[in-house]
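> requesting a structural model of the entry that follows:
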Amino acid sequence: MTKNTGHVDDMSDDEKRHDQLTTAPKASEEDAAPRIHSTEKSDGVTRIDVADTAVVRPGNPDKQGA
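Numbers count the residues shown, from 1 in each chain. Below is the predicted model of the structure:
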């Protein structure tokens, strides 16, 4: 839980995400690692890229990497 009062409402979004992804019985810190990187351009367009370190990637794994 959070370092402050232990109440979920006092947690930041990042703390909530980390807490949710690491509380399962077999969870590890790697489960909470960022899976995407986002950048916003000056024209308001947001680019979302899958992190190189993401263990699970979207799409069909048999058709990737060509």
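
> how much space separates Ala27 from Gly44?
Between Ala27 and Gly44 the distance is 36 Å, computed by C-beta to C-beta, to the nearest Å. C-beta: built from backbone N, CA, C; applies to glycine.

> the more surrounded of these two?
Ranked by neighbour count (other C-beta atoms under 10 Å), Ala27 and Gly44 place Ala27 first, with 12 against 6.

> ok, Thr53 - contacts?
Residues in contact with Thr53 (C-beta atoms under 8 Å, 6 or more residues apart in numbering) are Ala33, Pro34.

> hmm, try it at 6 Å
Contacts for Thr53 were tallied using C-beta atoms under 6 Å, 6 or more residues apart in numbering; there are none.

> and the helices in this protein, which stretches?
Assigned by DSSP state H, the chain shows helices spanning 13-22.

> hey, where'd the strands end up in it?
Ranges of strands in the chain, per DSSP state E, are 36-40, 46-50.

> next one: the first one to chain centre, how far?
With C-alpha atoms, centre = their mean, to the nearest Å as the basis, strand 36-40 stands 12 Å off its chain's centre.

> what do you get for the last one?
Per C-alpha atoms, centre = their mean, the displacement of strand 46-50 from the mean C-alpha position of its chain is 13 Å.

> ok, how many other residues are close to the spatially closest residue to Lys16 that is not a sequence neighbour?
The spatially closest residue to Lys16, leaving aside those adjacent along the chain, is Val8, at 6.7 Å (C-beta to C-beta, 6 or more residues apart in numbering). Neighbour count of Val8, defined by other C-beta under 10 Å: 12.
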